[in-house]
Each structure stands twice: as C-alpha cells, then as structure tokens.
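Peer 1: I would like to see how this sequence folds:
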Amino acid sequence: KPRRTHPSLAVWSGGNELCDEQGKPSTFEDENIAMLRRIVEGNDCRYMLPTSASGPHEFLTVEDAGNNHDVHGPWKYGGPRDHYDMYNRSDSQLHSEFGVDGMTNLPVIEKTVSPAYNRVMSMEENVVWRHRGEWWDTYARDTALFGPFGEEELESFILCSQYIQGEGLRYALEANRRRAFRNCGSIIWQFNEPFPGVAGTNLVDYYGQPKFAWYCVRDAFRPRTPSMTYDKLLWDAGETLYSRVFVANDGEAFRGRVEAVVADWQGNILLREAFEADIPADGGAEAGAFSVVIPASQALVVTLTLTG
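Peer 2: Now for the predicted structure:
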C-alpha cells in the first residue's frame with residue numbers, strides 16, 4: 001500500500017531476472033509470483049508482470065523476431081557496426097533494462113584512487129580499477145576506436161570512453177522511440193551509483209555530477225526531438241551514408257520542419273536539406289531521408305534542427 005502512490009510507479013513486477021535453469025523467465029505459474037499478483041490485484045489497479053524481463057526471451061535477441069516482448073540487455077556498446085545493426089533491427093516491445101558503460105568523471109578518480117593508479121591502463125593491469133568496476137573495462141573498446149593512449153592521457157581517455165557511452169545510449173533510445181508504440185518503453189541501467197567506481201553504466205557519478213551520457217540521454221528523451229538512422233559509426237572516404245530522419249513527439253500533433261546540415265571536420269557544408277511532415281500526437285513520423293558521400297577527412301558532423 002505505501003508503494004502504490006509513488007509517482008514513478010508504472011507497472012508491478014514479481015522480481016528481477018527470475019528465470020529457470022534454461023534462462024526462460026518465470027511466469028504466474030510460480031506460486032510465489034501468483035501470490036504477489038493476488039496482493040496487487042487486491043490493492044491497486046496497475047498491470048503486473050511476473051518478472052523483469054518477462055520474455056519470452058530474457059535478453060534482446062534480434063535473430064528471433066517476434067519474441068522480444070519484454071527484454072533486458074545488452075549493457076555494452078556493440079561495436080561501430082553491430083551496435084547500430086542491432087538497434088536498427090530490434091523489435092523489443094518493452095526494453096526494461098539495458099545500458100552502455102563508460103569511465104567515470106576525472107575528479108572521482110582523483111579523489112578516491114591513489115596517484116599511482118591515476119593513469120591509463122586496462123583493468124587487467126590495474127587491480128585498483130578492476131576492484132572498482134571490472135565488468136566495465138572500456139580500454140580495449142576505446143583503443144580500438146580511437147587508437148593508443150599514453151599513460152598520462154587519462155583525461156582524454158575518459159572523454160573518449162564517455163563519448164562512446166553517450167553515443168551508444170542515445171542511439172538505442174532514439175531507435176526505440178522511432179518505433180513508438182511498437183516499443184512502449186526504455187529503462188536504462190543505471191542512473192547513479194552508490195560507490196565511487198572508475199567505470200560503469202551510470203549517468204551520474206558518485207558525487208552527483210553528470211557524465212557526458214547524461215546529456216545524451218536528456219536530449220534523447222526530449223518531448224519533441226529529431227533523430228536519424230545510420231548503419232555504422234566508422235566510415236571510409238568515398239562511402240555513401242544514407243540516413244532516414246524521424247521526429248519523436250510526446251505531445252500534441254504539429255507540422256514539423258527538420259533541417260539537416262552535414263559538414264566535414266573543418267566546418268565545410270557538404271549538404272543542407274529540409275523536410276516537412278505532419279507529426280501525430282504521442283507518437284512520431286519519418287520526415288525524410290538524405291545521403292552524402294564521406295569526404296577525404298572521413299569525419300562528418302550532422303546537425304538536425306526541429307521547428308514547428
């Protein structure tokens with residue numbers, strides 16, 4: 001009864017990741033979960049799921065379309081191609097737990113880790129880092145994407161690690177919102193942390209300061225926001241990027257205009273195109289599409305501006 005008036009309560013659940021030995025989520029055939037449902041039905045009107053995730057699969061499995069009703073995972077960036085392929089293909093109806101990991105903010109390390117360990121190393125080498133976040137070692141991922149870091153380049157390493165966390169989360173959230181309401185919700189693991197880890201899936205560090213991913217998630221959850229699809233993060237010069245532009249909307253219907261500006265790393269404009277579309281209430285729509293050839297610099301900056 002004390003829980004039923006909580007402002008964040010949307011749905012009840014019998015527990016977290018309750019599965020049998022084969023990894024199949026529990027159902028209301030479990031006598032304890034059935035008892036909990038009777039308590040909920042006698043005291044509240046909200047829907048109840050037997051467990052989170054409730055399946056049929058426990059984890060997001062894009063190779064088995066149609067069976068990702070309420071799923072968890074992944075909690076890692078899938079790579080510069082596979083991450084985007086997975087979320088472009090996902091048919092999850094409720095993505096009730098997932099995340100991407102990234103390094104914590106530099107002040108947390110400076111305050112809580114002795115100076116001898118305040119340098120760029122993998123957690124295989126750095127036992128202090130391993131103790132404070134072994135699952136979330138991003139060293140191999142980030143050196144593969146950005147190249148080697150010197151031991152003294154800790155701040156740069158943190159920025160790159162946090163960028164990939166923010167990029168990965170933003171794309172996942174936008175991909176789910178593009179499917180509204182075939183996807184009805186996204187729950188990120190995790191917002192904050194109770195211990196000063198050196199890396200993790202949290203958006204806010206131990207001292208309450210936002211990581212880069214916090215801003216990416218904030219923007220992805222804006223009531224009205226444009227987004228774009230792409231097949232991968234790393235491109236070769238001469239390849240053609242094809243992108244579809246969408247608008248997600250949590251409010252009233254409106255006539256929207258999205259301007260897409262594509263520039264190279266030096267700021268030279270390669271493409272400027274605008275799209276107009278009727279955006280329905282509490283949903284979203286595809287506004288248009290564009291393509292651009294990757295320049296010799298191999299770096300693009302794409303800006304989407306929504307008005308309406």
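Peer 1: to what extent is Glu21 buried, counted in neighbours?
Peer 2: As a burial measure, Glu21 scores 5 neighbours (other C-beta atoms under 10 Å). Placement of C-beta: from N, CA and C, glycine included.
Peer 1: what are the boundaries of the strands in the stretch 151-300 of the chain?
Peer 2: Counting by DSSP state E, counting those that start in this stretch, the stretch 151-300 of the chain has strands at residues 186-188, 199-200, 224-228, 240-249, 254-264, 269-279, 283-293, 300-307.
Peer 1: if you compare the ones you listed, which one is most tucked away?
Peer 2: Of the strands of the stretch 151-300 of the chain, the one with the most neighbours on average (mean count of other C-beta atoms under 10 Å) is strand 199-200, at a mean of 25.
Peer 1: and it, what does it pack onto?
Peer 2: Judged by 3 or more C-beta pairs under 8 Å, 6 or more residues apart in numbering; DSSP states H and E, strand 199-200 is in contact with strand 102-103.
Peer 1: now tell me what touches the next helix or strand after the strand it packs on from outside.
Peer 2: Moving toward the C-terminus from strand 102-103, the next helix or strand (DSSP states H and E) is helix 106-112. Outside helix 106-112, the residues within contact range by C-beta atoms under 8 Å, 6 or more residues apart in numbering are Asn118, Arg132, Leu154, Glu155, Ile158, Pro196, Val198, Asp205, Tyr206, Tyr207, Gln209.
Peer 1: just send those back as a markdown table, with pLDDT, distance to Asp30 and neighbour count too.
Peer 2: Output for the contacts of helix 106-112, formatted as a markdown table (pLDDT from 0 to 100; distance: C-beta to C-beta, whole Å; neighbours: other C-beta atoms under 10 Å):
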| residue | pLDDT | distance to Asp30 | neighbour count |
| --- | --- | --- | --- |
| Asn118 | 93 | 48 | 17 |
| Arg132 | 94 | 36 | 22 |
| Leu154 | 97 | 48 | 18 |
| Glu155 | 98 | 50 | 11 |
| Ile158 | 98 | 44 | 25 |
| Pro196 | 96 | 38 | 17 |
| Val198 | 97 | 38 | 24 |
| Asp205 | 98 | 38 | 22 |
| Tyr206 | 97 | 37 | 19 |
| Tyr207 | 97 | 41 | 13 |
| Gln209 | 98 | 42 | 12 |
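Peer 1: still on that earlier bit, just send the strands of the stretch 151-300 of the chain back as TSV, with distance to Thr138 and mean pLDDT too.
Peer 2: Listed next are the strands of the stretch 151-300 of the chain as TSV, based on distance: least, C-beta to C-beta, whole Å; pLDDT from 0 to 100:
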stretch	distance to Thr138	mean pLDDT
strand 186-188	17	96
strand 199-200	6	97
strand 224-228	25	98
strand 240-249	26	97
strand 254-264	28	97
strand 269-279	31	97
strand 283-293	30	97
strand 300-307	24	96
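Peer 1: which among those strands is found nearest to Leu36?
Peer 2: Nearest of those to Leu36, taken as C-beta to C-beta: strand 186-188 at 19.8 Å.
Peer 1: in the helix ranked longest in the chain, which residues are buried?
Peer 2: When the chain is parsed with DSSP state H, its longest helix is helix 154-177. For helix 154-177, the neighbour count (16 or more other C-beta atoms under 10 Å) marks 154, 157-177 as buried.
Peer 1: confidence score at Asp30?
Peer 2: Reported pLDDT at Asp30 in the predicted model: 95.
Peer 1: follow-up on the earlier one: and the longest helix of the chain, C-alpha only, in PDB?
Peer 2: The C-alpha trace of helix 154-177 is given here as PDB (Å, rounded to 0.1, in the frame of the first residue of the first chain):
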ATOM      1  CA  LEU A 154      43.800   9.900 -18.600                       C
ATOM      2  CA  GLU A 155      41.600  12.900 -19.200                       C
ATOM      3  CA  SER A 156      41.500  12.200 -23.000                       C
ATOM      4  CA  PHE A 157      40.800   8.600 -22.400                       C
ATOM      5  CA  ILE A 158      37.900   9.400 -20.100                       C
ATOM      6  CA  LEU A 159      36.400  11.800 -22.600                       C
ATOM      7  CA  CYS A 160      36.600   9.200 -25.400                       C
ATOM      8  CA  SER A 161      35.100   6.500 -23.200                       C
ATOM      9  CA  GLN A 162      32.300   8.700 -22.100                       C
ATOM     10  CA  TYR A 163      31.600   9.700 -25.600                       C
ATOM     11  CA  ILE A 164      31.000   6.100 -26.700                       C
ATOM     12  CA  GLN A 165      28.800   5.600 -23.700                       C
ATOM     13  CA  GLY A 166      26.700   8.600 -24.600                       C
ATOM     14  CA  GLU A 167      26.600   7.800 -28.300                       C
ATOM     15  CA  GLY A 168      25.600   4.200 -27.600                       C
ATOM     16  CA  LEU A 169      22.800   5.100 -25.200                       C
ATOM     17  CA  ARG A 170      21.400   7.900 -27.400                       C
ATOM     18  CA  TYR A 171      21.200   5.800 -30.500                       C
ATOM     19  CA  ALA A 172      19.400   3.000 -28.600                       C
ATOM     20  CA  LEU A 173      16.900   5.300 -27.000                       C
ATOM     21  CA  GLU A 174      16.200   7.100 -30.300                       C
ATOM     22  CA  ALA A 175      15.800   3.800 -32.100                       C
ATOM     23  CA  ASN A 176      13.200   2.600 -29.600                       C
ATOM     24  CA  ARG A 177      11.400   5.900 -29.800                       C
END
